[in-house]
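Undergrad: compute the structure for the input listed below.
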Amino acid sequence: MNINFNKNEDHNKLLLAELKQKLVKVKLGGGKNNIQKHHSKGKLTARERIEYLFDNNTKSIEIGAFAGEGMYQEHGGCPSAGVVVKIGYVKGKLCIVVANDATVKAGAWFPITGKKNLRAQEIAIENKLPIIYLVDSAGVYLPLQDEIFPDKEHFGRIFRNNAVMSSMGITQISAVMGSCVAGGAYLPIMSDEALIVDKTGSIFLAGSYLVKAAIGESIDNETLGGATTHCEISGVTDYKAKDDKDALDTIKNIVDKIGDFDKAGYNRIEAATPAKDENEIFGILPKARNEQYDMLEIIERLVDDSKFEQYKEGYGKTILTGYARIDGWAVGIVANQRKLVKTKKGEMQFGGVIYNDSADKATRFIANCNQKKIPLIFLQDVTGFMVGSKSEHGGIIKDGAKMVNAVSNSVVPKFTIVIGNSYGAGNYAMCGKAYDPRLIAAWPSAELAVMSGNSAAKVLLQIETASLKKKGEEITPEKEAELFDKIKSRYDNQISPYYAAARIWTDGVINPLDTRTWISMGIEAANHAPIEKQFNLGVIQV
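TA: Numbers count the residues shown, from 1 in each chain. Purely as a prediction, here's the structure:
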């Protein structure tokens, strides 16, 4: 046990406590008063609907719980982006559920809401998972309509995805459990089957007030677009439910009869728990992001039986590569080694830095996993690629490009866990969000940025002081220290894992002890989608 074990454990458990407190707050959505108002209408909340829909005593994972965190404060905030997204089991079948949270601005769509919905659809498309929409939304949040309306990654892309998923044979089921207005009305009707709840559900392109203003017709909303209208007159919806639970029971019955899926065929045996205590992760992971530690000790507390078969163990030591199992699934692991290592030539290499040999080793290992059809797990704690004349003359850019090429063209499913640092090009090479991991999650200890807060603050301070001196201001040591602290504080906020999760650069901030569940359910989801193309590195410099 390292001498700082207890200090590390206290620090990391405080971070975990903060995570749990934030999740409690997030799960209140628009607050207790709005939840009570929602219940008074005879409706379940978004989270209650999902809980009722999912099979009892089964695991689930939430995507984007912190989406919108700290954003839109001038508009009252948007907890969880006003929509709850979870992957879980319905009648034993793995599904992804998207539920509008009407306690948040009546379920209105903020820009981040659109991004989160598109992420849910992306997961469904990549993994060919059935997707269930529980609709209860007032439509686009008009004060921010210019940020959600016309672009490729905006609101309208959702309906395009509905059509694409339909052509791919991906099951889509919608239940209208509240408002469903304007352009949003297309989502349930572009699904395979649509339900509507009597008296609380409504679908129309324009509500009664707008109809009156536009064409002078006086009509109430229920007659215009309620359950009876759409189930008995227009034929827009397929099932009329008496209440929320009745609608959710109908969805369960529909899902129960879906046929089996073609499997990708990833290798799985009976699961085993790690032989080493998972809770020791909190003491192994250092308090400071620049401290060294042995990533192998983390891996041994994540994998079945704590067994990790290293590939090229004595070569390229700042990246660990090897085979293991997680919850029975065979996986290939690419992890940044965070301790100072010694090469065969007697040279020392810094932990967390990618050198020429470690990039070469990772590239070869990724190719091997693709050949063997083994899913890849990336454990990030990386400060970037090695710099300096020796690395440049040795072709670090070329070797780094080969690794990025391999990650980009990998056809087996990839999963990324950001444990510590995730800086600059290191983020890219270790399968950051831009490189299509099926799921990407961060531990509370994670930091995502172009460079560390300390380094960035020093660079930004030089720019700031130079600018002030040009204006004739005198920069005293005290003034310089004050500027540094101000710049670092602002930058540190931006490298927080919650800042990244708010913008859906990751799928969430998770308890390290939930990592095995995320990876296992992620591979189970990926097993729904057989690989359809060959691994090909394309043109690379050797």
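Undergrad: going by C-alpha atoms from here, please, whenever you check contacts or count neighbours.
TA: Will do.
Undergrad: give me the next element, helix or strand, following the helix or strand hosting residue 448.
TA: With the criterion set as DSSP states H and E, the secondary-structure element containing residue 448 is strand 447-449. In the C-terminal direction, the helix or strand that comes right after strand 447-449 (DSSP H and E) is helix 453-470.
Undergrad: next, the buried residues of that following helix.
TA: 453, 456-457, 460-461, 465 (16 or more other CA atoms under 10 Å).
Undergrad: next one: stretch 49-65
TA: By neighbour count, and taking 16+ other CA under 10 Å as the criterion, the buried residues in stretch 49-65 are 49-50, 52-55, 60-65.
Undergrad: how about stretch 241-254?
TA: Residues of stretch 241-254 classed as buried: 241, 243-245, 247-248, 250-252 (neighbour count, 16+ other CA under 10 Å).
Undergrad: return the distance of that stretch from the chain's centre.
TA: Computed by CA atoms, centre = their mean, to the nearest Å, the chain-centroid distance of stretch 241-254 equals 29 Å.
Undergrad: again with stretch 17-28
TA: In terms of CA atoms, centre = their mean, the centre of stretch 17-28 is set 17 Å apart from its chain centre.
Undergrad: got it, and stretch 13-32?
TA: The gap between where stretch 13-32 is centred and where its chain is centred comes out at 17 Å by CA atoms, centre = their mean.
Undergrad: likewise for stretch 523-535?
TA: On CA atoms, centre = their mean, the centre of stretch 523-535 falls 19 Å from the chain's centre.
Undergrad: and the end-to-end length of that stretch?
TA: For stretch 523-535, the separation between the terminal residues is 19 Å (CA to CA, to the nearest Å).
Undergrad: what helices or strands is the helix or strand hosting residue 325 leaning on?
TA: In this assignment (DSSP H and E), residue 325 forms part of strand 319-326. Where contact means 3 or more CA pairs under 8 Å, 6 or more residues apart in numbering; DSSP states H and E, strand 319-326 is packed against strand 309-310, strand 329-336, helix 356-372, helix 515-526.
Undergrad: run through who's touching it.
TA: The set of residues external to strand 319-326 that reach it, using CA atoms under 8 Å, 6 or more residues apart in numbering, is 271, 296, 302-304, 307-313, 330-337, 352, 354, 358-359, 361-362, 365, 516, 519-520.
Undergrad: among those residues, name the buried ones.
TA: Neighbour-count burial (16+ other CA under 10 Å) is assigned, among these, to 296, 302-304, 307-308, 311-312, 330-337, 352, 354, 358-359, 361-362, 365, 516, 519-520.
Undergrad: packing partners for the helix or strand residue 487 falls within?
TA: Secondary structure from DSSP H and E places residue 487 in helix 477-494. Applying 3+ CA pairs under 8 Å, 6+ apart, one finds that helix 477-494 contacts helix 453-470.
Undergrad: contacts only, for residue 317.
TA: Per CA under 8 Å, 6+ apart, neighbours of residue 317: 337, 341-343, 358.
Undergrad: that one and residue 391: what is the separation?
TA: From residue 317 to residue 391 the distance is 16 Å (CA to CA).
Undergrad: enumerate every residue touching residue 117.
TA: Contacts for residue 117 (CA under 8 Å, 6+ apart) come out as 83, 98, 158.
Undergrad: at 10 Å instead, please
TA: Under the criterion of CA atoms under 10 Å, 6 or more residues apart in numbering, the contact list for residue 117 reads 64, 81, 83-85, 98-100, 109, 123, 133, 154-155, 157-158.
Undergrad: list the ones among the residues you listed that fall in strands.
TA: Using DSSP state E, the members of the contacts of residue 117 that fall within strands are 83-85, 98-100, 133.
Undergrad: mind listing the strands for the stretch 1-150 of the chain?
TA: Using DSSP state E, counting those that start in this stretch, the strands of the stretch 1-150 of the chain run over residues 61-63, 83-90, 93-100, 131-137.
Undergrad: could you give the mean pLDDT of the shortest one?
TA: If I follow you right, that is strand 61-63. Along strand 61-63, the predicted local confidence has a mean pLDDT of 98.
Undergrad: gap between it and the chain center?
TA: Between the mean C-alpha point of strand 61-63 and the mean C-alpha point of its chain there is a distance of 8 Å (CA atoms, centre = their mean).
Undergrad: out of the buried residues of stretch 241-254, which comes closest to residue 25?
TA: Distance to residue 25, by CA to CA, is smallest for residue 244 among the buried residues of stretch 241-254, at 24.5 Å.
Undergrad: was I right about the closest one contacting residue 196?
TA: Yes: because the distance of 9.2 Å satisfies CA atoms under 10 Å, residue 244 is recorded as touching residue 196.
Undergrad: find residues that contact each of the two.
TA: Each of 134, 175-178 lies in contact with both residue 244 and residue 196 under the rule CA under 10 Å, 6+ apart.
Undergrad: so which of those residues is the most crowded?
TA: In terms of neighbours by other CA atoms under 10 Å, the shared contacts of residue 244 and residue 196 top out with residue 177 at 31 neighbours.
Undergrad: what residues of the longest helix that the chain contains count as buried?
TA: As assigned by DSSP state H, the longest helix anywhere in the chain is helix 5-26. Counting neighbours by 16+ other CA under 10 Å, one finds that the buried residues in helix 5-26 are 5, 8-9, 11-12, 15-16, 19, 23, 26.
Undergrad: what packs against that helix?
TA: Under the contact criterion of 3 or more CA pairs under 10 Å, 6 or more residues apart in numbering; DSSP states H and E, the helices and strands touching helix 5-26 comprise helix 281-284.
Undergrad: now stretch 20-27: average pLDDT?
TA: Across stretch 20-27, the average pLDDT comes to 97.
Undergrad: oh, that last question was meant for stretch 154-168, not what I typed.
TA: Per-residue scores along stretch 154-168 average to 94.
Undergrad: how far out from the middle of the chain is that stretch?
TA: Its chain's C-alpha centre lies 20 Å from the corresponding centre of stretch 154-168 when counted by CA atoms, centre = their mean.
Undergrad: between the contacts of residue 317, which is nearest residue 449?
TA: The shortest gap between residue 449 and any of those belongs to residue 337, at 19.2 Å (CA to CA).
Undergrad: quick one: the closest one from residue 383, how far?
TA: 11 Å.
Undergrad: what do the two both touch?
TA: Between them, residue 337 and residue 383 share these contacting residues under CA under 10 Å, 6+ apart: 350-354.
Undergrad: show me these that map onto helices.
TA: Checking the shared contacts of residue 337 and residue 383 against helices, none of them qualifies (DSSP H).
Undergrad: make JSON lines from those residues and add distance to residue 525 and pLDDT to it.
TA: Listed next are the shared contacts of residue 337 and residue 383 as JSON lines, based on distance: CA to CA, whole Å; pLDDT from 0 to 100:
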{"residue": "350", "distance to residue 525": "37", "pLDDT": "87"}
{"residue": "351", "distance to residue 525": "33", "pLDDT": "88"}
{"residue": "352", "distance to residue 525": "31", "pLDDT": "92"}
{"residue": "353", "distance to residue 525": "32", "pLDDT": "94"}
{"residue": "354", "distance to residue 525": "31", "pLDDT": "95"}
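Undergrad: let me have those in TSV, extended by distance to residue 537.
TA: Compiled in TSV, these are given as follows (distance: CA to CA, whole Å):
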residue	distance to residue 537
350	29
351	28
352	25
353	24
354	20
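Undergrad: closest one of these to residue 509?
TA: residue 352 (21.1 Å).
Undergrad: the closest one contacts residue 379, correct?
TA: No: in this structure, residue 352 sits apart from residue 379 without contact. The criterion is CA under 10 Å, and the distance is 11.0 Å.
Undergrad: output the lowest mean pLDDT helix or strand found in the protein.
TA: helix 453-470 (a mean of 78; mean pLDDT, DSSP states H and E).
Undergrad: what's the offset of that one from the middle of its chain?
TA: Taking CA atoms, centre = their mean, the mean C-alpha location of helix 453-470 is offset from the chain mean by 33 Å.
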